[in-house]
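>>> What follows is a predicted structure for the sequence shown.
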Amino acid sequence: MNMHSIPQRTQAETALIDAFGERLSLLPGDGAVTLKRDDAIEAIKHGLPTRRLESWHYTDLRRLLTSVPAFDSTAATKALPPIVEGSAILAVLNGVSGAKFPAIEGVTVQRLSEKLTDGSIAPGLDPYGSDDAIGALNTAFVADGYFVDIADGAQLEKPIELQNLQAGGQVHVRFPVRVGAGAKAAIVERQAGEGAALGSSVSQVVLGEGAEVTWLIVQEQPETATHLAQFKAHLGKNSKLTVFFMNAGGKLVRQEIVVRTTGEGADFKLRGINLLAGDTHTDVTMVLDHAVPHTTSTEVIRNVVTGKARGVFQGRINVHQYAQKTNAKMACNTLLLSDDGEFSTKPELEIFADDVICGHGATVTEIDHNHLFYLMARGIDEKSARGLLVKAFVAEVIEELDDEAIVEALETRLDDWFVAHG
Amino acid sequence: MPAVQDTIDRVRKIDVDQYKYGFQTEIAMDKAPKGLSEDIIRFISAKKDEPSWMLEWRLGAYRRWLTLEEPTWARVHYPKIDFQDLYYYAAPKSTPGPTSLSDVDPELLKVYEKLGIPLREQEILAGVQKTDASELEEPSDNVYKSGRVAVDAVFDSVSVVTTFKKELAQAGVIFCSISEAIREHPELVQKYLGSVVPTSDNFYATLNSAVFTDGSFVFVPKGVRCPMELSTYFRMNEKNTGQFERTLIIAEEGAYVSYLEGCTAPQRDENQLHAAVVELVALDDAEIKYSTVQNWYPGDAEGKGGIYNFVTKRGDCRGDRSKISWTQVETGSAITWKYPSCILRGDDSSGEFYSIAVSNGYQQVDSGTKMIHLGKNTSSRIISKGIAAGFSQNTYRGQVSAHRKATNARNFTNCDSLLIGDQCGAHTVPYMEAKNSTAQFEHEATTSKISEDQKFYVMQRGIPEEEAIALIVNGFVKDVIQQLPMEFAVEAQKLIGISLEGSVG
């Protein structure tokens, strides 16, 4: 065994490198962007991450990514009705943004292809670390998306819904969002489609002082799609960010959440549900940096696993040396409903400051037989009783959200999933 | 309250320099030449008068080791070790297999006298010096009286003395050095050695398999409850030596044994390497309790010197309803890399891990456990308490996994960290892997400092600050201390006190 030998490239790696050669001339971008793309493809040439890489311990991308579809410029799809009625929709259809989009008061929207062409987005294209394969893949291939700028003090009444809808082939999009000081907004990130696509999607959010954002990620890819997504956020002074994600689809899914508190008094909340079924693999990996004093965070993840699904949650909280008075709590609870399903959890704490309160909890279990008995003793059949208990288990996370319209919309999707997989 | 400058200064001044066991003893030593090669392994094997199968086993491991690379995944940093710059064999010259204490070099006895533990106090050793006849006459009702411990003492590369052998033999228990076991009980050694930690297991375990020089061997036959606590005492004395000990404990059907291990080393500027392997085998209904108080030299206040402690410890609950329990108090070593694990193979078997890891100065601890659930209705429990002070880094790394057939696997994990001072770090890296829907895993971890309220409450009752903190810390680790045999519990409490002294603010 010699770890230093360069392993033979997999079919997928070769396909990606070849695709880059073919696509480069078609991709938007000035010199600076092209340089970033070259660096990114170099990283991919060193090989996709394997389980030897700690941050990819449970998702051996090199082994799991067996094929890479070709780009398909003829495939087309249509925008979906929004999750919350009245939302302003910004749709990217099979990797291409629309030339026309609704005007939203206090918000400036620009197509990302234009920002790539003029190079103004280039500084934001760097992957965040040497193990950031999703960042590298996206930087190499990103062709479009939207740049959203919410003005200082803007109070958005209705959500903005970013739709990334694939119709097959390869789709690489990016959504940089700036939220001005004191602004308040709800943003829905919708990841769906109908093809056997390979897609990457990167959202980058910067919250100004006192900004308040609720960000929903609703991922409902078909069971044929490979979906590699990243959500990155910087939290300014006294800002509040609530991220809610729901994974209910996809064949191979990795959702990364990378958050850094950069201003004192910032508060981060993460709530998530993984609904896993079929022969699929879903990995949610969070890295949270408490980089300044007096910041708080709570994370609650609930997972339901049926069929042959494999689920992963990795959550790392880093408390930097000067981040005194940090208060961070993380919980990950899993219900395993089938014998062939599996779930792996790695909740990590890395703490360099002493005056902090940090904790994490993780559980894996099946449905409590006493609870089941209680319901069945009241004349409810086993299937319905199980359904009720599982729904109650995940709905708890949804109900914490303030916005009733959002809660209702998510509960409907939850019901749909249970009808299909319950 | 965050640590103030005053505290940091005090930590600097006191902490690790207080190491009590840093003395060195001048004893004529028989050493192999420096470096590692097949010849050195042949030399060690010949010195130990080993059968040829053992030599082949060692050479096989050595050839395997040559193909391996040092692991780098642990959260520890140290300069690369030059494995050719170590002595792999060092033995006190005057002890070619002592049979009684009078044969032992008086200098050596002085060492143990100075150490105090657990050959504590010469009365136990006196027990050996008294003729065995008197003990044989006494019937076995005396055997269960508490406070008696049989000791195997390992000095650098060899076991120098084993006490209470006769009495143990009467109960059918074999307790001797592993070298002796290889000669006297080859069938047992051949059957079990490497069956829990195979020679190919990991870099350090493989190195150990090639060059291990001594250690303890315990065999408790079917249905026997070992009449006393067994204990091994390790001492690294010689300069530039690596200590590679190998311990093998077998508890047959229905047997019970409690085993204690203690370690110290002299204060030196160079780093010394300690790479041990411990294997436990518990058959049906057997129980093994393994306790460690590790107090190797941690290095000085600037982080210079100290022991590199790279240890592989693993227990195999091979039989149904068997139980293995690990308890460790880690206060020494510059670097600790240690994960005592349980393989829960038998149905209804259970594993436990209780750990206190205290780090101060520039110590680095990366320790934890693995609980691998394979059988049905297996259960495991992990309680880990990490205390970091000074400039140290303290990491808990643990894995709990339930395999497809491990129906009704249960685990409870609790790991808490306490930080004293703002220059240290505490880390928790648990891996939980459930592949069975009936598995039930619970994990919780917290990190905090001593709360002002707690401290105020205690100090308000007239207890000075340092003592108040010691009291709270001892309360923090109580769950683990309670698992230790009496003799060690007292010692562990004191050790924690010494390790933390001056580090509170």
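Done, it's in.
>>> Please count neighbours and contacts with C-alpha atoms only from this point.
Noted.
>>> what about A:Ile41, which helix or strand?
In this assignment (DSSP states H and E), A:Ile41 forms part of helix A:31-45.
>>> Other residues contacting that helix?
Applying C-alpha atoms under 8 Å, 6 or more residues apart in numbering or on different chains, the contact partners of helix A:31-45 are A:13, A:17, A:20, A:116, A:119, A:121-122, A:125-127, A:130, A:133, A:136-137, A:139-141.
>>> Of those residues, which belong to helices?
A:13, A:17, A:20, A:116, A:133, A:136-137, A:139-141 (DSSP state H).
>>> Of these, which are in range of chain B?
With C-alpha under 8 Å from any C-alpha of the partner chain as the criterion, no member of these is in contact with chain B.
>>> Just flag the most distant two among these.
Comparing every pair within these by C-alpha to C-alpha identifies A:Glu13 and A:Leu116 as the most remote, at 25.0 Å.
>>> Now the helix holding A:Ile41: buried residues?
Judged by neighbour count using 16 or more other C-alpha atoms under 10 Å in any protein chain shown, the buried positions of helix A:31-45 are A:32-34, A:36-37, A:39-41, A:43-44.
>>> Turn these into CSV, columns for pLDDT.
Below are those laid out as CSV (pLDDT from 0 to 100):
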residue, pLDDT
A:Ala32, 93
A:Val33, 94
A:Thr34, 94
A:Lys36, 94
A:Arg37, 95
A:Asp39, 94
A:Ala40, 94
A:Ile41, 94
A:Ala43, 91
A:Ile44, 92
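>>> Would you convert these into a markdown table that also reports distance to B:Pro485?
As requested, the buried residues of helix A:31-45 are arranged in a markdown table below (distance: C-alpha to C-alpha, whole Å):
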| residue | distance to B:Pro485 |
| --- | --- |
| A:Ala32 | 67 |
| A:Val33 | 66 |
| A:Thr34 | 67 |
| A:Lys36 | 62 |
| A:Arg37 | 62 |
| A:Asp39 | 59 |
| A:Ala40 | 58 |
| A:Ile41 | 59 |
| A:Ala43 | 54 |
| A:Ile44 | 55 |
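>>> From these, pick the one nearest chain B.
Lowest distance from chain B to those (C-alpha to the nearest C-alpha) belongs to A:Ala43, with 21.3 Å.
>>> Tell me where the stretch 351-500 of chain B has helices.
In the stretch 351-500 of chain B, helices defined by DSSP state H, counting those that start in this stretch lie at B:452-459, B:465-476, B:478-481, B:486-500, listed in chain order.
>>> Mind pulling up the pLDDT for B:Asp416?
At B:Asp416, the pLDDT value in this model is 88.
>>> again, but for B:Gly262
Among the per-residue scores, B:Gly262 shows a pLDDT of 74.
>>> Next, the angle helix A:133-141 makes with the helix holding A:Ile41.
Our comparison of helix A:31-45 with helix A:133-141, counting by axes from the mean of the first three to the mean of the last three C-alpha atoms, to 10 degrees, yields an angle of 130 degrees.
>>> give the contact list for the closest residue to A:Asp60 other than its chain neighbours.
Counting by C-alpha to C-alpha, 6 or more residues apart in numbering or on different chains, the nearest residue to A:Asp60 once its immediate chain neighbours are dropped is A:Thr50, at 4.4 Å. Going by C-alpha under 8 Å, 6+ apart, A:Thr50 touches A:56-57, A:59-63.
>>> cutoff 7 Å now
When contacts are counted by C-alpha atoms under 7 Å, 6 or more residues apart in numbering or on different chains, A:Thr50 touches A:56, A:60-62.
>>> As JSON lines, those residues with pLDDT, secondary structure and neighbour count would be great.
Shown next, in JSON lines, are those (pLDDT from 0 to 100; DSSP: H, G, I helix; E, B strand; the rest coil; neighbours: other C-alpha atoms under 10 Å in any protein chain shown):
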{"residue": "A:Trp56", "pLDDT": "95", "secondary structure": "helix", "neighbour count": "19"}
{"residue": "A:Asp60", "pLDDT": "95", "secondary structure": "coil", "neighbour count": "15"}
{"residue": "A:Leu61", "pLDDT": "94", "secondary structure": "helix", "neighbour count": "18"}
{"residue": "A:Arg62", "pLDDT": "93", "secondary structure": "helix", "neighbour count": "17"}
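>>> Quick check: the two most widely separated of those?
For the contacts of A:Thr50, the farthest-apart pair by C-alpha to C-alpha is A:Trp56 and A:Arg62; their separation is 10.1 Å.
>>> the helices in the chain, which residues?
Since no chain was named, I'll use chain A. A:11-23, A:31-45, A:61-64, A:112-117, A:133-141, A:369-376, A:382-399, A:404-421.
>>> that answer is for a different chain, and I need it for chain B
Counting by DSSP H, chain B has helices at residues B:5-13, B:38-47, B:52-66, B:106-115, B:121-129, B:132-137, B:165-171, B:178-184, B:186-192, B:203-211, B:452-459, B:465-476, B:478-481, B:486-500.
>>> weakest of the ones you listed in terms of mean pLDDT?
For these, the stretch scoring lowest in mean pLDDT is helix B:132-137; its value is a mean of 34.
>>> Close to chain A: what parts of chain B are there?
Taking C-alpha under 7 Å from any C-alpha of the partner chain as the measure of proximity, chain B contacts chain A at B:1-2, B:67, B:419-449.
>>> Strands of the stretch 51-200 of chain A, start to end?
Shown for the stretch 51-200 of chain A, the strands assigned by DSSP state E, counting those that start in this stretch span residues A:88-93, A:96-97, A:107-111, A:144-150, A:160-166, A:170-179, A:184-193, A:198-207.
>>> Would you mind finding the most buried of those?
Between those, the one whose residues have the most neighbours on average, counting mean count of other C-alpha atoms under 10 Å in any protein chain shown, is strand A:160-166 (a mean of 26).
>>> A:Asp368 - how many residues pack around it?
Around A:Asp368 there are 11 other residues, counting by other C-alpha atoms under 10 Å in any protein chain shown.
>>> same question but for A:Ile17, I mixed them up
One way to gauge burial is a neighbour count; for A:Ile17, by other C-alpha under 10 Å, it gives 16.
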